[in-house]
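Q: based on what follows, work out the 3D shape:
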Amino acid sequence: MSFEYKQFKDAKLDDPFFDSLRADYREFEDWFGRKSENWAYIFEQDGSKAIDGFLYMKIEDGVVDDVVPPLPAKKRLKVGTFKINAHGTKLGERFVKKIFDHAVDGGVAEIYVTIFPKHAGLVNLLNRYGFEKAAIKTTVNGVEDVLIRSMHWRDNLDRDKNYPLIKMDGDFYQVGIYPDYHTRLLPDSILNNEDVEIVKDISHANSINKIYIAAMKGLMSLTPGDKIVIYRTGDGKGPAEYRAVATSICVVEAVRTLDSFGSVDAFLNYARPHSVFSDAELSGFYKSRRYPFIISFTYNIALRHRLTRHHLIEKIGINRDAYPGFLRLTPQQFKQIVIDGGVNESLIVD
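A: Coordinates of the predicted model:
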């Protein structure tokens, strides 16, 4: 399957995928034609190239006066078209992550989307990540709900509803992942010390919630809400000093052991939805007990600048003799990694 950023004119309008949009919006085909030079994220099946997902967004700055009540003047990201064919692969999360990526990159105060309430699955997904009904929009096509999501931290909400923002509380750690697993788990965080351009960021497993399976005993000291810097270990193609890099910022959701699952099926049901591993691989992990610890976390930020082990030691102050696979960071070290990693300052809440 492919997930690409394309112009409207490169999408096949006669694809059955668009039938429900034609049914919902009588002006859809005319609108689509006028947008031929605009860009959207399009997810296609390999081989047939049938479309399974489409996401179009644009930046607006001003009052939104075609809804009731009107939305006051703000810089917003409007999600113009968002549709997926859900099939149990977390495709929806993939697109939600792209929405947040663009909101951060555009420096907007809010995101909004209009949606018919009948699309319950998509509404529930958006609600999970903090979108709330704030208005309605009435047209010849019917009445749509207007869902709003603030890009500012809101206290007393669960972490998903504030995603991808990171609050500087809890504890901070560096957690190592071998290169082969890192590529599969966090494809946004490729080994590249240059800036990551959002529109060219094509991934194979871009879900927000992840499962990490490992054997480092220190992992059991993690608690929900802790922040972890993902550290891609050396790949043997050169000195680890310059090949091992910090790549990502994540937030712990839960910590469990294999022994907490009563059966392999219980483990599979827990791990499968957010794991990049096959059922056979997961079953093998369960039976061998080689990797007994399971960490659930949200994939919040891919660093724009990957920080080498050399940088972490010389500029961040990490002890050269410390085990890099799992080590505790001070809040100051974590904050400096964020700064040196080129993270948008709006994502970090003191």
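Q: can you map out the helices along the chain?
A: Counting by DSSP state H, the chain has helices at residues 19-24, 28-34, 91-106, 120-128, 159-162, 179-185, 240-243, 264-271, 279-288, 309-311, 331-340.
Q: worst average pLDDT in those?
A: Across the helices of the chain, helix 179-185 has the smallest mean pLDDT, namely a mean of 74.
Q: which parts of it are buried?
A: Within helix 179-185, the residues scored as buried using 16 or more other Cβ atoms under 10 Å are 179, 181, 182, 183, 185. C-beta coordinates here come from the backbone N, C-alpha and C atoms, glycine included.
Q: as CSV, the residues you listed with distance to residue 22 would be great.
A: Shown next, in CSV, are those (distance: Cβ to Cβ, whole Å):
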residue, distance to residue 22
179, 45
181, 43
182, 42
183, 39
185, 38
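Q: from the residues you listed, pick the one nearest residue 330.
A: Among these, residue 182 lies closest to residue 330 (Cβ to Cβ), at 24.2 Å.
Q: in the sheet, who's paired with the residue nearest to the closest one when sequence neighbours are not counted?
A: Spatial nearest neighbour of residue 182, excluding adjacent residues (Cβ to Cβ, 6 or more residues apart in numbering): residue 232 at 4.6 Å. For residue 232, the beta-bridge assignment (DSSP bridges) gives partners residue 177, residue 245.
Q: how many neighbours does residue 232 have?
A: Neighbours of residue 232 under the rule other Cβ atoms under 10 Å: 24.
Q: and what of residue 168?
A: By other Cβ under 10 Å, the residues close to residue 168 number 13.
Q: now the one 3 residues further on
A: Neighbour count for residue 171, taken as other Cβ under 10 Å: 17.
Q: ok, the residue lying closest to it once chain neighbours are set aside - contacts?
A: In space, and not counting its chain neighbours, residue 171 is closest to residue 226: 4.8 Å by Cβ to Cβ, 6+ apart. Residues near residue 226 by Cβ atoms under 8 Å, 6 or more residues apart in numbering: 170, 171, 172, 173, 251, 252.
Q: what about residue 226, distance to residue 26?
A: To residue 26, residue 226 is 50 Å away according to Cβ to Cβ, to the nearest Å.
Q: go on, residue 263?
A: Counting by Cβ to Cβ - residue 263 and residue 26 are separated by 52 Å.
Q: same thing with residue 272?
A: Distance, residue 272 to residue 26, by Cβ to Cβ: 40 Å.
Q: same check, this time on residue 256
A: Distance, residue 256 to residue 26, by Cβ to Cβ: 50 Å.
Q: and the two? Which one has more around it.
A: Set residue 256 next to residue 26 and count neighbours by other Cβ under 10 Å: residue 256 wins out with 17 against 12.
Q: give me the beta-bridge partners of the more buried one?
A: Under the criterion used (DSSP bridges), residue 256 bridges to residue 294.
Q: so what's it up against?
A: Residues counted as contacts of residue 256 (Cβ under 8 Å, 6+ apart) are 270, 293, 294, 296.
Q: outline the domain layout of the chain.
A: 2-152, 164-349 (automatic domain parsing).
Q: now render those as TSV, adding distance to residue 158.
A: As requested, the domains of the chain are exported to TSV (distance: least, Cβ to Cβ, whole Å):
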stretch	distance to residue 158
domain 2-152	9
domain 164-349	10
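Q: which of those comes out lowest on mean pLDDT?
A: Averaged per stretch, pLDDT over the domains of the chain is lowest on domain 164-349, reaching a mean of 87.
Q: would you mind measuring the gap between the ends of it?
A: 11 Å (Cα to Cα, to the nearest Å).
Q: what do you get for stretch 217-235?
A: First-to-last residue span, stretch 217-235, Cα to Cα: 23 Å.
Q: buried sites along that stretch?
A: For stretch 217-235, the neighbour count (16+ other Cβ under 10 Å) marks 219, 222, 226, 227, 228, 229, 230, 231, 232, 233, 234 as buried.
Q: tell me which of those residues is nearest to residue 317?
A: Out of those, the member with the shortest distance to residue 317 (by Cβ to Cβ) is residue 229, at 13.5 Å.
Q: return the set of buried residues in stretch 144-159.
A: Across stretch 144-159, burial judged by 16+ other Cβ under 10 Å covers 144, 145, 146, 147, 148, 149, 150, 151, 159.
Q: quick one, what contacts residue 58?
A: Contacts of residue 58 (Cβ under 8 Å, 6+ apart): 38, 77, 78, 80.
Q: repeat for residue 144
A: By Cβ under 8 Å, 6+ apart, the neighbours of residue 144 are 114, 115, 116, 136, 137, 138.
Q: who does it bridge with?
A: residue 137.
Q: quick one: it from residue 43, how far?
A: 23 Å.
Q: quick one on the thing from earlier: in CSV, list the helices of the chain along with distance to residue 347.
A: Shown next, in CSV, are the helices of the chain (distance: least, Cβ to Cβ, whole Å):
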stretch, distance to residue 347
helix 19-24, 32
helix 28-34, 33
helix 91-106, 6
helix 120-128, 19
helix 159-162, 10
helix 179-185, 20
helix 240-243, 27
helix 264-271, 28
helix 279-288, 32
helix 309-311, 20
helix 331-340, 8
